[in-house]
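> Need a 3D model of the following:
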Amino acid sequence: MCRNIKTLFNFDPPATNGEVNASALQFVRKLSGFNKPSQANEEAFNLAVERVSAAAQEMLNSLVTNAPPRDREIEAEKAKARAAVRYGRT
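Purely as a prediction, here's the structure:
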């Protein structure tokens, strides 16, 4: 499940709120063991996603680096190449 959590820091363009929220959702799903919570747990689940998302966004806004921002398209191409090697696709 957590394979979908992507590195969001130091990219150009910066991570969107949607990407941060998606990562928070995956994290809370992993912790809770729920893909979709029951009605009884839905409020607590959604609150956790909201809080994790806010904490993640705060962290991303606070981080500093001297490295130049990475290009999303180039990083995606590298990931595809790694996957092709890993899964035997050429």
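
> drop to CA atoms for contacts and neighbour counts, all remaining ones
Will do.

> now the helices: where do they sit in the chain?
Assigned by DSSP state H, the chain shows helices spanning 17-32, 39-62, 72-86.

> In JSON lines, list the ones you listed along with mean pLDDT.
Listed next are the helices of the chain as JSON lines, based on pLDDT from 0 to 100:
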{"stretch": "helix 17-32", "mean pLDDT": "94"}
{"stretch": "helix 39-62", "mean pLDDT": "97"}
{"stretch": "helix 72-86", "mean pLDDT": "89"}
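
> In CSV: those, plus distance to T7 and mean neighbour count.
CSV is the format used below for the helices of the chain (distance: least, C-alpha to C-alpha, whole Å; neighbours: other C-alpha atoms under 10 Å):
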stretch, distance to T7, mean neighbour count
helix 17-32, 9, 17
helix 39-62, 10, 14
helix 72-86, 11, 12
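
> okay if I get the ones you listed as CSV plus distance to F11?
Below are those laid out as CSV (distance: least, C-alpha to C-alpha, whole Å):
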stretch, distance to F11
helix 17-32, 12
helix 39-62, 11
helix 72-86, 6
